[in-house]
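Colleague: just need the structure, nothing else, for what follows:
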Amino acid sequence: MIPDQRETPAAISGGADKFDDDHYPAYTMGRAADMLGATQNFLRSLDEAGLITPQRSAGGHRRYSRHQLRIAARVRELVDQGTAVDAACRIVSLEDQLHESQRQNNELRATE
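Modeller: Now for the predicted structure:
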(Lines give C-alpha, C1' and ligand atoms only; values in the text may rest on other atoms or scores of the structure.)
Protein backbone atom coordinates (compact mmCIF):
# COMPACT_ATOMS: atom_id res chain seq x y z
CA MET A 1 0.00 0.00 0.00
CA ILE A 2 2.87 2.40 0.53
CA PRO A 3 3.75 3.87 -2.84
CA ASP A 4 6.96 2.89 -4.49
CA GLN A 5 8.56 6.15 -5.59
CA ARG A 6 10.77 4.63 -8.29
CA GLU A 7 9.92 5.19 -11.92
CA THR A 8 8.35 2.26 -13.70
CA PRO A 9 9.12 1.33 -17.32
CA ALA A 10 5.67 2.55 -18.42
CA ALA A 11 6.24 5.94 -16.79
CA ILE A 12 9.67 6.23 -18.41
CA SER A 13 8.48 5.30 -21.90
CA GLY A 14 6.13 8.28 -22.02
CA GLY A 15 3.62 6.46 -24.24
CA ALA A 16 -0.05 5.80 -23.72
CA ASP A 17 0.95 2.95 -21.39
CA LYS A 18 1.63 5.49 -18.64
CA PHE A 19 -2.11 5.79 -18.06
CA ASP A 20 -2.24 2.07 -17.28
CA ASP A 21 0.60 2.53 -14.78
CA ASP A 22 -0.72 2.56 -11.19
CA HIS A 23 2.19 4.79 -10.15
CA TYR A 24 1.81 7.41 -12.89
CA PRO A 25 1.00 10.78 -11.24
CA ALA A 26 -2.07 11.59 -13.33
CA TYR A 27 -4.24 13.44 -10.81
CA THR A 28 -3.98 17.01 -9.59
CA MET A 29 -4.56 17.72 -5.93
CA GLY A 30 -7.99 19.19 -6.63
CA ARG A 31 -9.09 16.21 -8.71
CA ALA A 32 -7.68 13.75 -6.15
CA ALA A 33 -9.51 15.49 -3.32
CA ASP A 34 -12.76 15.43 -5.31
CA MET A 35 -12.35 11.72 -6.07
CA LEU A 36 -11.79 10.96 -2.38
CA GLY A 37 -14.51 13.26 -1.13
CA ALA A 38 -11.85 14.90 1.01
CA THR A 39 -10.23 18.29 1.29
CA GLN A 40 -6.92 19.33 -0.16
CA ASN A 41 -5.72 19.87 3.42
CA PHE A 42 -6.38 16.18 4.08
CA LEU A 43 -4.04 15.26 1.22
CA ARG A 44 -1.43 17.74 2.46
CA SER A 45 -1.61 16.11 5.91
CA LEU A 46 -0.79 12.71 4.38
CA ASP A 47 2.22 14.28 2.66
CA GLU A 48 3.32 15.93 5.93
CA ALA A 49 2.91 12.61 7.77
CA GLY A 50 5.21 10.99 5.19
CA LEU A 51 2.67 8.38 4.12
CA ILE A 52 2.24 9.70 0.59
CA THR A 53 4.82 11.74 -1.26
CA PRO A 54 3.20 13.04 -4.42
CA GLN A 55 5.33 13.90 -7.39
CA ARG A 56 5.50 17.53 -8.42
CA SER A 57 4.68 19.08 -11.78
CA ALA A 58 7.11 21.50 -13.42
CA GLY A 59 5.16 24.29 -11.70
CA GLY A 60 5.51 22.61 -8.28
CA HIS A 61 1.94 21.33 -8.03
CA ARG A 62 1.30 17.99 -6.36
CA ARG A 63 0.35 15.07 -8.63
CA TYR A 64 -1.08 11.81 -7.32
CA SER A 65 -1.16 8.28 -8.73
CA ARG A 66 -4.01 5.79 -8.48
CA HIS A 67 -1.90 3.78 -6.03
CA GLN A 68 -1.53 6.82 -3.79
CA LEU A 69 -5.24 7.55 -4.01
CA ARG A 70 -6.04 4.02 -2.81
CA ILE A 71 -3.80 4.62 0.20
CA ALA A 72 -5.47 7.96 0.88
CA ALA A 73 -8.89 6.32 0.57
CA ARG A 74 -7.92 3.74 3.21
CA VAL A 75 -6.73 6.50 5.55
CA ARG A 76 -9.94 8.42 4.91
CA GLU A 77 -11.95 5.32 5.78
CA LEU A 78 -10.15 5.04 9.13
CA VAL A 79 -10.51 8.77 9.82
CA ASP A 80 -14.23 8.57 9.05
CA GLN A 81 -14.44 5.83 11.71
CA GLY A 82 -12.97 8.21 14.28
CA THR A 83 -9.24 7.46 14.04
CA ALA A 84 -6.84 10.42 14.16
CA VAL A 85 -4.99 11.10 10.90
CA ASP A 86 -1.55 10.33 12.39
CA ALA A 87 -2.83 7.06 13.86
CA ALA A 88 -4.56 6.13 10.59
CA CYS A 89 -1.32 6.74 8.68
CA ARG A 90 0.53 4.47 11.11
CA ILE A 91 -2.13 1.76 10.77
CA VAL A 92 -1.92 1.86 6.97
CA SER A 93 1.87 1.73 7.14
CA LEU A 94 1.74 -1.31 9.44
CA GLU A 95 -0.82 -3.00 7.19
CA ASP A 96 1.57 -2.53 4.30
CA GLN A 97 4.49 -3.98 6.27
CA LEU A 98 2.37 -6.99 7.23
CA HIS A 99 1.29 -7.53 3.62
CA GLU A 100 4.90 -7.36 2.41
CA SER A 101 6.07 -9.80 5.11
CA GLN A 102 3.32 -12.24 4.19
CA ARG A 103 4.28 -11.98 0.51
CA GLN A 104 7.93 -12.69 1.30
CA ASN A 105 6.95 -15.58 3.56
CA ASN A 106 4.84 -17.11 0.79
CA GLU A 107 7.73 -16.76 -1.66
CA LEU A 108 10.10 -18.50 0.73
CA ARG A 109 7.65 -21.33 1.31
CA ALA A 110 7.22 -21.78 -2.44
CA THR A 111 10.98 -22.27 -2.93
CA GLU A 112 11.22 -24.99 -0.26
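Colleague: just the pLDDT for residue 18.
Modeller: In this model, residue 18 is scored at 77, pLDDT.
Colleague: can you tell me the centre-most residue of the protein?
Modeller: Compute the mean C-alpha point of the chain, and by C-alpha atoms, centre = their mean the closest residue is residue 68, 2.0 Å away.
Colleague: how near is residue 81 to residue 29?
Modeller: Here residue 81 is placed at a distance of 24 Å from residue 29 (C-beta to C-beta, to the nearest Å). No exception for glycine: its C-beta is placed from N, CA and C like everyone else's.
Colleague: got it, and residue 48?
Modeller: Distance, residue 48 to residue 29, using C-beta to C-beta: 13 Å.
Colleague: and what of residue 62?
Modeller: 5 Å.
Colleague: same deal with residue 57?
Modeller: From residue 57 over to residue 29 the distance is 10 Å, taken as C-beta to C-beta.
Colleague: next: residue 109.
Modeller: According to C-beta to C-beta, residue 109 stands 42 Å off from residue 29.
Colleague: who's more crowded, the two?
Modeller: A count of neighbours by other C-beta atoms under 10 Å puts residue 29 above the other of residue 109 and residue 29, at 16 against 8.
Colleague: check contacts around the more buried one.
Modeller: 40, 43, 54, 61-64 (C-beta atoms under 8 Å, 6 or more residues apart in numbering).
Colleague: just checking, which of the residues you listed belong to helices?
Modeller: 40, 43 (DSSP state H).
Colleague: about what we covered before: any common contacting residues for residue 62 and residue 29?
Modeller: 43, 54.
Colleague: my guess is residue 51 contacts residue 91. True?
Modeller: No: counting by C-beta atoms under 8 Å, residue 51 sits too far from residue 91 to count as a contact (10.2 Å).
Colleague: these two: which is more packed in?
Modeller: When neighbours are counted by other C-beta under 10 Å, residue 51 and residue 91 differ, and residue 51 comes out ahead with 24 against 14.
Colleague: nearest residue to the more buried one other than its sequence neighbours?
Modeller: Nearest residue to residue 51, sequence neighbours excluded (C-beta to C-beta, 6 or more residues apart in numbering): residue 89, at 4.3 Å.
Colleague: state the distance from that neighbour to residue 75.
Modeller: Distance from residue 89 to residue 75, by C-beta to C-beta: 6 Å.
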